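[1] A structural model of the following input is requested.
(one chain, ligands or ions: 1)
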Amino acid sequence: MSNTIKAVLIDISGTILVGQEAIQALQRLQQQQNLKILFLTNSSTSHAALLQQLRSAGFDESAITNINSIMTRVFQLQKKISYTKQTASILLEDALIESEFNELDMNDPNCVVVGLAPNKLNYQRLNEAYRLLAKLKSSSNDTTIDCSIQSKSHLGCNRELSLGPGRFVSLLEQSSGVTAHVIGKPSSNFYNEALSVLGIDDPSQALMVGDDVVGDVKGALDAGLGHAILVKTGKYTAGDENGNKTEGILPTLTVGSIVDAVDYICSNF
Ligand SMILES: [Mg+2]
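    Numbers count the residues shown, from 1 in each chain. Model prediction:
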């Protein structure tokens, strides 16, 4: 484990979107010399909408510098689809499809994209996706649910834990026999891409802070990051730090909130 930290990756939902104290803590972190910061989120919203959401919550230019300081899985999804020239059947909310995937060819789809889409993950649409996957699987063993997002739970609009897209992806995998490819946390590819954006060659010199013990802690440590701090806000539930959900992988540190995480980082690195 490296004692030198050059980069801090920070989750957004449930980690920094938790009140005014978080804003002040982030500003303190940004004053640290030689520390690169990137916000890493599985949010299924567009870059622009996310930036607006953060600004509405009180994060000004000094806290969220610009759009390039945020990496979203939607952006990675766009990159993958366009790079592999896929045509997709997309289970995402209409507003997101219109803003981020409007140039995508959706005729004769050869992959299924699943994200957080409470209005789309219904019996009819899941059945359509299942039939498409079964048809693709029968014509090619290489078929995958190429671009899926796999969190098992999320905070719903009423701030209560709700079923995440990962549950529906598992259903499609089990019913069609097609394997999912994960975009976003906890995928190591997502973390590697984030470190690449920051110009960090040695993942042990990076630290992750988040409220999701699987996506933020296990994902980061699996990708080789030196440290992963779990915060007891957002989707954290009692006992998450005990390794029961993470095959025994433990957070480097578990603290009350992003404020405590920043205190630790500023005192130790
Ligand atoms: Mg979170």
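[2] which helices and strands does the helix or strand harbouring Gln124 pack with?
    Element membership of Gln124 [criterion: DSSP states H and E] is helix 123-139. Other elements packing on helix 123-139 under the criterion 3 or more Cβ pairs under 8 Å, 6 or more residues apart in numbering; DSSP states H and E are strand 88-91, strand 111-114, helix 165-176. In this view, the C-beta of every residue, glycine as well, is placed from N, C-alpha and C.
[3] Now it: buried residues?
    Using 16 or more other Cβ atoms under 10 Å as the test for burial, helix 123-139 gives Arg125, Leu126, Ala129, Tyr130, Leu132, Leu133, Leu136, Lys137.
[4] mind listing what the closest residue to the second one other than its chain neighbours touches?
    Same thing as Leu126. Taking Cβ to Cβ, 6 or more residues apart in numbering, and ignoring the residues beside it in sequence, Leu126 has Phe168 as its nearest neighbour in space, at 6.5 Å. Under the criterion of Cβ atoms under 8 Å, 6 or more residues apart in numbering, the contact partners of Phe168 comprise Leu91, Val114, Leu121, Leu126.
[5] would you list those residues in a markdown table and tack on pLDDT and distance to the ion?
    Putting the contacts of Phe168 into a markdown table (pLDDT from 0 to 100; distance: Cβ to the ion, whole Å) gives the following:
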| residue | pLDDT | distance to the ion |
| --- | --- | --- |
| Leu91 | 87 | 21 |
| Val114 | 87 | 19 |
| Leu121 | 89 | 20 |
| Leu126 | 94 | 25 |
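[6] if we take those, which one ends up nearest to Lys218?
    Lys218 has its nearest neighbour among the contacts of Phe168 in Val114, at 20.8 Å by Cβ to Cβ.
[7] which residue is nearest the centroid of this structure?
    Centroid-nearest residue in the chain, with Cα atoms, centre = their mean: Asn42, separated by 2.4 Å.
[8] what residues are up against Leu171?
    For Leu171, the contact set (Cβ under 8 Å, 6+ apart) comprises Leu126.
[9] Please apply the same query to Asn127.
    By Cβ under 8 Å, 6+ apart, Asn127 lies in contact with nothing.
[10] Name the residues of stretch 184-203 that are buried.
    Per 16+ other Cβ under 10 Å, stretch 184-203 contains these buried residues: 184-188, 190-191, 193-195, 198, 200, 203.
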